[in-house]
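J.: Have a look; sequence and predicted model below, questions after that.
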Amino acid sequence: MTETVSGLMAQIADIGRDPVRGGYSRPVHSAAETTLREWFVGAASSRGLEVETDRNGIIWAWDGDPADGAVVTGSHLDSVPGGGAFDGPLGVASALVAFDQLRDRGATGARAIAVFPEEEGSRFGIACLGSRLLSGAIAPEKALALRDPDGLTLAEVARANGLDPTRFGRDPAALRRIGTFLELHVEQGRGLVDLNQPVAIGSSILGHGRWRISIAGEGNHAGTTLMADRHDPMVAAAHVVCMVRSVASGIPDARATVGRLVPVPGGTNVIASRVDLWLDLRHPEDGLTRYLVDEIGTRARELAAEEGCTALVSEESFSPTVDFDPALRDRLSAVLPEAPVLGTGAGHDAGVLKDHVATGMLFVRNPTGVSHAPSEYVEDPDAETGAAALADCLEDLLKDTDRKH
Ligand code: GLV
Ligand code: MN
Ligand code: MN
């Protein structure tokens, strides 16, 4: 079979398009993501790969018999709301093409493609939920109780999608099967554009986390409540958003974002009774991230009080800064001597798995430098170069599994 990455990406180009936001909205276990999962299962099965969905909803496609210490690649198929086409699916399509090339080259050794659910955390709020469950980084009770914006729990949604929630949780047998995990991903910045290179090797992931700031006030009537009588959490939230930017701007390398704000009940002629907003905060030094959260929390409570409101800050997730396995990184550099070594500010399953198995990443040039937005892009020739680079790296790593098996 000689399929190309761009050919595979074209097969899924119409799945999950968002007519309102633009781009793609493919939340985990939605109709769109389910269709993508079915597409992957079909593409893997037609190649003779053995496909199984594990108890956490991670799809594995094995070339040959499953074995401990295998070389694993893959990514995710879910997206942020209104996201680009490449964040996640590029790594999955490239994995399929790389596996074709490995077969053509006669490579042997245990290998699999993994597709991780809810990498973005755009439905249940916590990113990399599949790899966190697999590795035990999140307790299954906590994960299963998470609710989506419609109030459905992960347990309910999983059950409706044929998974058994009572079997969710740390999966040592599945973890043991991963000897090395190498994830290919679209670059989410301009590093490769500036260096005029198609492929990079990942060095690190910026520490990052998500905090909910809940500002409570007094719901009331927009027409009958005098300005002086209001306790309007939306006004406090507006001050908090500006404060977040000014606090983070004072700390070199900090990145702070409020990308989601939900007024309750959310009516045009209603003063909100509560506003929830989510802080996404990232910094290379985890201690500084902690300091920033404390500072933002203190100031948010002060700003809320000035409006006669209260503010409550709760941590939803935190992932420390990750340095990928240095020996693996050097080995990838030996296979791809031209490829620069770049860090990223974006989170990935390879970061979550890093404490359990050797993980590394490859990034493919994105000419716009934009990600989590419709203009995220990869040129066709770069996509094919990326898949060939992935095949080269996997082939090299497979030499070890050949020795072991
Ligand atoms: C995932 O893409 C993230 O960095 O939030
Ligand atoms: Mn991604
Ligand atoms: Mn993403």
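T.: Great, that's in hand. These numbers were taken from a predicted model, which means no experiment stands behind them. Ligands and ions are numbered 1, 2, ... in the order given.
J.: Is stretch 316-334 positioned near ligand 1?
T.: No: using Cβ under 6 Å from any ligand atom, stretch 316-334 stays clear of ligand 1, coming no nearer than 9.2 Å. Heads up, the C-betas are built off the backbone N, CA and C, glycines and all.
J.: For that stretch, give me every contacting residue.
T.: Where contact means Cβ atoms under 8 Å, 6 or more residues apart in numbering, the residues beyond stretch 316-334 that reach it are 121, 125-128, 180, 182, 201-212, 278, 284-286, 289, 339, 341, 347, 350-352, 354, 358-362, 393, 396-397.
J.: Output it in CSV with nothing but the alpha carbons.
T.: This file holds the C-alpha atoms of stretch 316-334, laid out as CSV (Å, rounded to 0.1, in the frame of the first residue of the first chain):
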residue,chain,number,x,y,z
GLU,A,316,-8.0,21.5,37.7
SER,A,317,-4.7,20.1,36.5
PHE,A,318,-1.0,20.8,36.7
SER,A,319,1.8,19.2,34.6
PRO,A,320,5.4,20.1,35.6
THR,A,321,8.0,21.1,33.0
VAL,A,322,9.2,18.0,31.1
ASP,A,323,12.6,17.3,29.6
PHE,A,324,12.4,14.4,27.2
ASP,A,325,14.6,11.4,27.6
PRO,A,326,18.1,12.8,26.7
ALA,A,327,19.5,9.4,25.5
LEU,A,328,16.5,9.0,23.2
ARG,A,329,16.8,12.6,22.0
ASP,A,330,20.5,12.1,21.1
ARG,A,331,19.6,8.9,19.3
LEU,A,332,17.0,10.7,17.3
SER,A,333,19.6,13.4,16.5
ALA,A,334,21.9,10.7,15.2
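J.: one step back: filter the contacts of stretch 316-334 down to just the buried residues.
T.: With burial judged by 16 or more other Cβ atoms under 10 Å, the buried subset of these is 121, 125-128, 180, 182, 201-212, 278, 284, 289, 339, 341, 347, 350-352, 354, 358-362, 393, 396-397.
J.: Alongside ligand 1, which residues does the chain contribute?
T.: Glu120, Ala127, Ala346, Gly347.
J.: Which of the three states applies to the third one?
T.: Yep, that's Ala346 we're talking about. Taken by DSSP: H, G, I helix; E, B strand; the rest coil, the conformation at Ala346 corresponds to coil.
J.: The residue nearest to it when sequence neighbours are not counted: which element?
T.: Spatially, and ignoring its direct neighbours in sequence, Ala346 is nearest to Gln188 (4.6 Å; Cβ to Cβ, 6 or more residues apart in numbering). Using DSSP states H and E, no element contains Gln188; it sits outside every helix and strand.
J.: Near Gln188, how many other residues are there?
T.: The number of residues packed near Gln188 is 20, by other Cβ atoms under 10 Å.
J.: wouldn't it be in contact with Leu342 here?
T.: No: when contacts are counted by Cβ atoms under 8 Å, Gln188 is not listed as touching Leu342 (10.5 Å).
J.: Give me the common contacts of these two.
T.: Residues touching both Gln188 and Leu342 by Cβ under 8 Å, 6+ apart: none at all.
J.: circling back to that earlier point, model confidence score at the residue nearest to Ala346, please.
T.: pLDDT, Gln188: 98.
J.: For it, give me its contacts.
T.: Per Cβ under 8 Å, 6+ apart, neighbours of Gln188: Asp87, Thr344, Gly345, Ala346, Asn366, Ser371, His372, Glu376.
J.: For these, give me CSV that also has pLDDT and distance to Thr35.
T.: Listed next are the contacts of Gln188 as CSV, based on pLDDT from 0 to 100; distance: Cβ to Cβ, whole Å:
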residue, pLDDT, distance to Thr35
Asp87, 98, 17
Thr344, 98, 28
Gly345, 97, 30
Ala346, 98, 25
Asn366, 98, 25
Ser371, 98, 23
His372, 98, 21
Glu376, 98, 20
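J.: if we can go back for a sec, and the residue nearest to Ala346, what are its phi and psi?
T.: Dihedral pair for Gln188: phi -110, psi 30, per degrees, to the nearest 10.
J.: That one and ligand 2: what is the separation?
T.: 8 Å (Cβ to the ion, to the nearest Å).
J.: Which helix runs longest in this structure?
T.: helix 380-404 (DSSP state H).
J.: list the helices and strands the helix or strand of the chain with the lowest mean pLDDT packs on?
T.: None of the helices or strands of the chain scores lower by mean pLDDT, DSSP states H and E than helix 380-404, at a mean of 92. Contacts defined by 3 or more Cβ pairs under 8 Å, 6 or more residues apart in numbering; DSSP states H and E place helix 380-404 against helix 5-11, strand 70-76, helix 89-104, strand 111-116, strand 178-186, strand 199-205, helix 326-335, strand 358-364.
J.: switch the cut-off to 7 Å
T.: Contacts defined by 3 or more Cβ pairs under 7 Å, 6 or more residues apart in numbering; DSSP states H and E place helix 380-404 against helix 5-11, strand 70-76, helix 89-104, strand 178-186, strand 199-205, helix 326-335, strand 358-364.
J.: shaky segments in the chain?
T.: Scanning the chain with the threshold set as pLDDT under 70 gives 1, 402-405.
J.: Where do the domain boundaries of it fall?
T.: 5-205+321-404, 207-319 (automatic domain parsing).
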